[in-house]
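Student: here are the coordinates; sequence isn't available:
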């Protein structure tokens, strides 16, 4: 990992991440995922590009295969879900197997559980102390319950507010580099009428990612165009070049 | 495809599906996906198991590779997003390439566009008539604008209400078999106290998928347990065996 203190003369490769969202409930439509957007925003603010997400069932073989594949092709992997004590919580086992490791009960986590439950502690509570052998346990002042980091894989819980809280606490572990910034413009025109101008701006600003989104049921706004990148000046310049090329009266407003 | 009219003596293999959610905006956290849950519920009602979802950027090579892999390993694939006329709409091209096919402009879709836009029709509008060569165009009474079906891959738009509308119209194309049903129970007890009972019910009802979800900030309810499967009697029996094994006063309610 290159830390933010090392300022190299060459542009650094943008770090990448992948998400593995685990849980039958996501694939049965019982609940809608909220963690992907939370993760995406946290990573972008630190200059990390979230490039891929995979949603899988509570299946230890599938989880193991995905963790291995994502770990090899991204700088970081974040898993969500499957970390409780019941039969359908198989993420720890899956992450361990991805690296050919076994699972052990962490003495440090056992002590935290014993201190919390005292005389009410049961064998089932202690299942929450299971970890892949060789992992690092990362605790912070804000979140003293440790988070498992196995090689480059962060193991996070699925409950959205706990996912968000743990992720915020972990941000210090991921060096902050130039964040991604975004700007946008809203138009009265539909996408086909904007295409030639869009193509021109896309060609002129290769470092800026330009997105075009049709709007429906959004009053006068028919299209929103977004401009994203890590070079803030280029992002603003791309947006300004785009809005300058619009016919009179087409622009409803700009943001960012 | 086995149609629902053919009732075979052997239990049929459960049909599987995968989703490919396409769009930089999903991986930047600008919007949260809503289509996965919509798709999951529609498929379960027809007895199809949604086993995997992948979220990727607007990258034609990545889309092409994913479509091919998902198409080979599932009965159906549903893509969402990337079907407009602008530079970031590369799904049609990606789906075509997945099958080694080219892209052509469909005369049938061109005519629909010409009839709709009349003298306002432009070259950019006609970009919405692009299709993979060899695809089938599926129109219904409710949604006359055709949907692309390339081999076993349905190409749907990303805008959630249009996705849901088109999906509903397509349901007739996917034979209805025994739907998945669900039942659930809510308890005052936390997961560790339920584990032994859960393990017993999981072992006793192999055809029922049992899920256990911790609840936070949900009043007295500390855990929700769900029972899913295509055998309605087994689903109810598993739930009843579970609730019968609970200590007195632990059960808050049942559903389904």
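Tutor: That came in fine, so what should we check first? In this text, all values refer to a predicted model and were calculated from it rather than measured experimentally.
Student: what sits against residue A:200?
Tutor: residue A:245 (CB atoms under 8 Å, 6 or more residues apart in numbering or on different chains). (Each C-beta comes from the backbone N, C-alpha and C, glycine too.)
Student: which SS state does it fall under?
Tutor: helix (DSSP: H, G, I helix; E, B strand; the rest coil).
Student: where exactly do the helices run in chain A?
Tutor: Along chain A, the segments classed as helices by DSSP state H run A:24-27, A:35-45, A:60-73, A:91-98, A:107-117, A:123-126, A:160-170, A:191-204, A:232-244.
Student: Need those in a markdown table (columns: mean pLDDT).
Tutor: Below are the helices of chain A laid out as a markdown table (pLDDT from 0 to 100):
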| stretch | mean pLDDT |
| --- | --- |
| helix A:24-27 | 97 |
| helix A:35-45 | 96 |
| helix A:60-73 | 98 |
| helix A:91-98 | 98 |
| helix A:107-117 | 94 |
| helix A:123-126 | 93 |
| helix A:160-170 | 91 |
| helix A:191-204 | 96 |
| helix A:232-244 | 97 |
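Student: distance of residue A:232 from residue A:256?
Tutor: If you measure residue A:232 against residue A:256 using CB to CB, to the nearest Å, the figure is 10 Å.
Student: Same question for residue A:74.
Tutor: 27 Å.
Student: Please apply the same query to residue A:202.
Tutor: Distance from residue A:202 to residue A:256, by CB to CB: 18 Å.
Student: neighbour count winner among residue A:74 and residue A:256?
Tutor: residue A:74 (21 against 14; other CB atoms under 10 Å in any protein chain shown).
Student: need the residues of the stretch 51-200 of chain A near chain B, please.
Tutor: Neighbours of chain B within the stretch 51-200 of chain A, by CB under 8 Å from any CB of the partner chain: A:51-58, A:84-89, A:122, A:124-125, A:127-128, A:159, A:161-162, A:180, A:182, A:191-196, A:198-199.
Student: Pull the contacting residues for residue A:22.
Tutor: Residues near residue A:22 by CB under 8 Å, 6+ apart: A:55-58, A:63, A:79-82, A:91, A:94, A:158.
Student: what do you get for residue A:114?
Tutor: residue A:121.
Student: Find the residue at the geometric middle of chain A.
Tutor: Nearest residue to the geometric centre of chain A (CA atoms, centre = their mean): residue A:39, 3.1 Å.
Student: Looks like that residue contacts residue A:78 (just checking).
Tutor: Yes. The criterion here is CB atoms under 8 Å, and residue A:39 meets it with residue A:78 at 5.6 Å.
Student: shared neighbours of those two, anything?
Tutor: A:17, A:19, A:167.
Student: Return the distance of stretch A:58-73 from the chain's centre.
Tutor: 17 Å (CA atoms, centre = their mean, to the nearest Å).
Student: Please spell out which residues along that stretch are buried.
Tutor: A:58-60, A:62-64, A:66-71 (16 or more other CB atoms under 10 Å in any protein chain shown).
Student: Equivalent analysis for stretch A:111-126, please.
Tutor: A:112-113, A:124-126.
Student: Which pair of these spans the longest distance?
Tutor: Greatest spatial distance among those (CB to CB): A:112 and A:124, at 15.5 Å.
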